[in-house]
Structure formats: C-alpha cells, structure tokens
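Novice: build me a structure from this.
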Amino acid sequence: MVKRDPISKKVRALSPSGIRKYFDIIAGMDDVISLGVGEPDFVTPWHICEAGIWALEKGDTAYTSNYGIIELREEIARYLEARYGLSYDPKTEILVTVGVSEGLDLSIRAITDPGDEIIIPEPTYVSYKACTVLAGGVDVPIPSSADKNFEMRASEIEKRITRRTKAILLGYPNNPTGAIMERDELSKIAKLAQKHDLTVISDEVYERLTYGTEHASIVPLPGMRDRSILLGGFSKSYAMTGWRIGYAASNADMIEAMMKIHQYTMLCASVIAQRAALEALRNGEPQVQEMLADYDKRRRVIVKGLNQIGLACFEPRGAFYAFPSIKKTGMSSDEFAEKLLREKKVVVIPGSAFGKCGEGHIRCCYATSMAEIEEALERIESFVKKHRS
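Specialist: Residues are numbered from 1 along each chain as shown. Coordinates of the predicted model:
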C-alpha cells in the first residue's frame, strides 16, 4: 500500500512565520514588554465602534455584495480622489476585503500562473513570499540596506527582470524597516513596469503613518493607474486591526478577477466592520492625527535610545517600527531576540524573519506606551552591556 502525505508539498515546505514563535515562548511569562506585535496600542475610537454597534442593534447583519457595501466603496473612491487625484468607479473598480492581508492574497492569486516571478522588496513583510509561493509563483527578493535607506532601487529591480517576471510588489511605508519611497525612485520603477509590461501591487496599509514627509504612491504616476493594484486599509491608521477590513482599487478587469476569488472564499467582508470603516473615513481624521503625533514622539525616543545603547538605528520615516543593527553584539538575530526575551523579558522580532538581508537586525515596534518603551530600552541596554563584556 502506497503511503501518501495528506499535506500539500507547497504547504509542507512553507516555513512558519518567524514572528509567531515568540508569542508561543511568552505564553505564561510575567512582566514581559512586547515590542513585537505590529498593532496599535490604541483602542478603536468610540464613534467608530458605535457605528458597528448600531449595525448590530438595527439588525444590519446580513451578507453584502461581494464587492462590499456601495456607501463604503463610494467613500473610498472619494478618499482616493482627494488624496491622490485618482478616479475610481466605486461600482467596478473598488473591492472591500477582509483586511489588507486578504487583498494581498487576492492580488497575487489573480495575476499569478505557475512559475511566474513576483519581485519583492527585502526586508519584507512575512506574507509577501508566502502568498507568492502558495499561488504557484516564485518570489524574487530585492535586497536593501540602511546605507541606502532601505529603499527598493529600480537599478536592482532591472537586474532581476526575466521573461517570467509578472509583477513588482511594493510595501511602503515598510514593515519591518519603517522606510519610505521617494517619488524620484518610484518614477524610475514606474518606467520599468511600463517598459516590461509589469503589474505593480502597492501595499499602502501604513500610508497615513509618515513623519515629516508625505507618503508617495506609485499609482498616481503617469501610466500607472491601470497597471497597479492599490491596497489600503483601516487596521493601522484607525486602530482597527481586529475588525479585519481593507480594500483594493484597480481597473475593472483586475478587480473582477480578484472578486472571483473573493466570492468563492470569503464571500464578503463583515457588514459590521464595513459600517465601522465607513464612519472611520467620514469622521475619523482627528483621531488619526492624534495617534500619528503620539507615534512620532515614541519614534524619536526609541531611535535615540537604541543609538545611545550602541545599536545603530536607521531613522524610520513611516509605519511604527525601528530596525536597529545588532551586528556589533556578535549574535545572530535569532540568538539576540531569544536571549533578550529569556533574560530581560523584552520581545523583539529577529530581522531574519523578514528575509535574508534582515539578518543582523531586530524589529522593534513602538506602538506601545512611552513608559514601556523607556523600560524596554533600559532592559536592552543592560542586556547589551552584559553580553559586551
């Protein structure tokens, strides 16, 4: 009798997230300070919660259109018009998704045939490679470094374009580095995409969280609207991670392709979350600005503190992550993160979780209280001094 492995070979070969194991370790530990979870420590603003509660109270609990409720799609279209000057038809060119993570998965599956190559920045969010592999594609990493501002460079992309290249995936502001993309470099990437007839997937979930600069998107650049998939969401800007609500905007043909997958897997996003997202877009701007100002204060404290400890830290200009180098300690990223947790009860994520060129760094999320950031810095300093001697 032939013994068969019931698990798909692709899934069997897929590495688990390098982030998750740290949450298994801290289960049951006391006095742990987490700089690990990429999640706002703010509670969803009450008026946004009330919109969800009101949907429940009035019995608005049924399925919606696969595309999402039309009022939310219209509001998203207005937002993109005001922010980028982009015009999308809310009926056919916007899809409401279950978080940006689902939008990412739908985007990659909608465009990928077996063996197609997707160009991905590195260090990178952990789902980019996994979604590509699960769709039957091949991930092609573009390494970056602090001395180049962790920016994805057009010159490096061009070296790796082949006849199998299908798309370029941009994730800026970046998780885990906090890097942003400058408009000049985006213009060069846009020209490459047009020259080689490539799709661009632009994950802009952190687009409202930038410091001292405006977020630059590739999508409004000449010739890019119809060859781009713009992914946006509510998790980070409005402190709505658990609501699981995002959106994709693109040409009607692309959105229809993504909707086909969405309708057979997710059907639609929660109507309650959609009602809350509608309220966030209409009336949530004051809270976005309050949270942004608070993150900026924390950002400056953690970057200054890490540099003073001797862990050289690139200045993040977006998102809510610092990505310091730990190379001078002589430890690998995994070793540093695990020892720091066990000895000082501080959770950080090893840079290697975000790709090979993340090795030698750790990711520190500063979406936690100032008091915890300051205490974490003291513990990290003590840890580094101990292992320096």
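Novice: would you map the strands across the stretch 251-389 of the chain?
Specialist: Listed in chain order, the strands found in the stretch 251-389 of the chain under DSSP state E, counting those that start in this stretch are 321-322, 346-347, 349-350, 362-365.
Novice: helices of the stretch 101-250 of the chain, residue ranges please.
Specialist: 127-134, 154-160, 183-195 (DSSP state H, counting those that start in this stretch).
Novice: now tell me what touches the last one from outside.
Specialist: Surrounding helix 183-195, the residues in contact under the criterion CB atoms under 8 Å, 6 or more residues apart in numbering are 151-155, 157-158, 161, 168, 170, 198-200, 216-218, 221-224, 227. (C-beta placed from N, C-alpha, C; glycine too.)
Novice: tell me, how many residues neighbour the nearest residue to residue 152 once chain neighbours are set aside?
Specialist: In space, residue 152 comes closest to residue 121 once its chain neighbours are excluded; the distance is 4.3 Å by CB to CB, 6 or more residues apart in numbering. The number of residues packed near residue 121 is 30, by other CB atoms under 10 Å.
Novice: swap in residue 192?
Specialist: Other residues within reach of residue 192 by the criterion other CB under 10 Å amount to 19.
Novice: also residue 91?
Specialist: Here the count is done by other CB under 10 Å, and residue 91 has 14 residues near it.
Novice: that one and residue 32, how far apart?
Specialist: In this structure, residue 91 lies at 48 Å from residue 32, with CB to CB, to the nearest Å as the measure.
Novice: re the thing from before, among the strands of the stretch 251-389 of the chain, which is nearest residue 254?
Specialist: Of all the strands of the stretch 251-389 of the chain, it is strand 321-322 that lies closest to residue 254, at 29.7 Å by CB to CB.
Novice: end-to-end on stretch 108-126?
Specialist: Counting by CA to CA, to the nearest Å, you get 14 Å between the two ends of stretch 108-126.
Novice: got the buried residues for that stretch?
Specialist: The neighbour-count check on stretch 108-126 (16 or more other CB atoms under 10 Å) flags 108-112, 116-126 as buried.
Novice: so which of the strands of the stretch 251-389 of the chain gets nearest residue 4?
Specialist: Of all the strands of the stretch 251-389 of the chain, the one in closest proximity to residue 4, counting by CB to CB, is strand 349-350 (35.3 Å).
Novice: which helices and strands sit right next to that closest one?
Specialist: Where contact means 3 or more CB pairs under 8 Å, 6 or more residues apart in numbering; DSSP states H and E, strand 349-350 is packed against helix 333-344, strand 362-365.
Novice: dump these into JSON lines; add mean pLDDT and mean neighbour count as well.
Specialist: Written out in JSON lines, the entries for the helices and strands packed on strand 349-350 read as follows (pLDDT from 0 to 100; neighbours: other CB atoms under 10 Å):
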{"stretch": "helix 333-344", "mean pLDDT": "94", "mean neighbour count": "19"}
{"stretch": "strand 362-365", "mean pLDDT": "97", "mean neighbour count": "28"}
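Novice: dump those to a markdown table, plus distance to residue 282.
Specialist: A markdown table is the format used below for the helices and strands packed on strand 349-350 (distance: least, CB to CB, whole Å):
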| stretch | distance to residue 282 |
| --- | --- |
| helix 333-344 | 41 |
| strand 362-365 | 29 |
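Novice: and these: which comes nearest residue 290?
Specialist: Shortest distance between residue 290 and the helices and strands packed on strand 349-350, using CB to CB, is found for strand 362-365: 18.8 Å.
Novice: can you list the strands that the closest one pairs with?
Specialist: Strand 362-365 has these partner strands in its sheet, going by DSSP bridges: strand 321-322 (antiparallel), strand 349-350 (antiparallel).
Novice: can I get those in TSV including distance to residue 331?
Specialist: Formatted as TSV, the entries for those read as follows, by distance: least, CB to CB, whole Å:
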stretch	distance to residue 331
strand 321-322	18
strand 349-350	10
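Novice: closest one to residue 26 among those?
Specialist: With distances scored as CB to CB, the stretch of those nearest to residue 26 is strand 349-350 (12.2 Å).
Novice: and that closest one, how far from the chain's centre?
Specialist: Between the centre of strand 349-350 and the centre of its host chain there is 16 Å, according to CA atoms, centre = their mean, to the nearest Å.
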